[in-house]
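Participant: With the input below, show me the fold.
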Amino acid sequence: MQSLRDKQAFICDMDGVIYHGNYLLPGVKEFIDWLGANGKKYLFLTNNSSRGVEGYIEKLGRLGIATGPGDYLTSVDAAIDLLRRRYPGRRCYVQGTRSFYDQLAAAGIPVTCDREDGAEILLSGFDRELTFQKLEDACILLNRGVTWLATNPD
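Facilitator: As a prediction, this is how the structure comes out:
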């Protein structure tokens, strides 16, 4: 435990580490309380692009952990950063949830869900709303030679 006391910042993966489904894992609440009581910085990290930070704030709140928007780093944040730096202004076909699409659009990323709308990038995320149409569109876009990026390898 001494080595943990010496650390000043912690990155906490969420699914399977902080919670499993709708249950907080044993010891998590005590650990987060310990971090706060000892002035430690921490960040919740996820590669799940299917929901936005607001969804995670609500979920952890329901599980007994109060958080705010600045307490998270998501794969959508990383995708937005990459798109802004390496592919500015390029239109993305979003193969993901509506939340994923909306987060990108809100960040000013040109997005579409129409394969005939000039997409230069196929951006795939964890998709609980996957349809055959999205799979077909992805295959057609890849055959056209668009750049393929994904928020996580799952």
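Participant: show me where this structure has helices.
Facilitator: Secondary structure of the chain (DSSP state H): helices located at 2-6, 28-37, 53-62, 75-86, 98-106, 132-144.
Participant: For Lys29, see how far away Thr151 is.
Facilitator: Note on Thr151: its distance to Lys29, by Cβ to Cβ, to the nearest Å, is 28 Å. (Glycine included, C-beta is placed from N, CA and C.)
Participant: neighbour-wise, which of those two wins?
Facilitator: Thr151 (23 against 14; other Cβ atoms under 10 Å).
Participant: Was I right to think that one contacts Ala79?
Facilitator: Yes - with contact defined as Cβ atoms under 8 Å, Thr151 reaches Ala79; the gap is 5.3 Å.
Participant: shared neighbours of the two, anything?
Facilitator: 49, 123, 125 (Cβ atoms under 8 Å, 6 or more residues apart in numbering).
Participant: Check the gap between the last one and Tyr42 for me.
Facilitator: Spatial separation of Gly125 from Tyr42 under the definition Cβ to Cβ is 24 Å.
Participant: With Ile109 instead?
Facilitator: 28 Å.
Participant: And Val146, by the same measure?
Facilitator: 37 Å.
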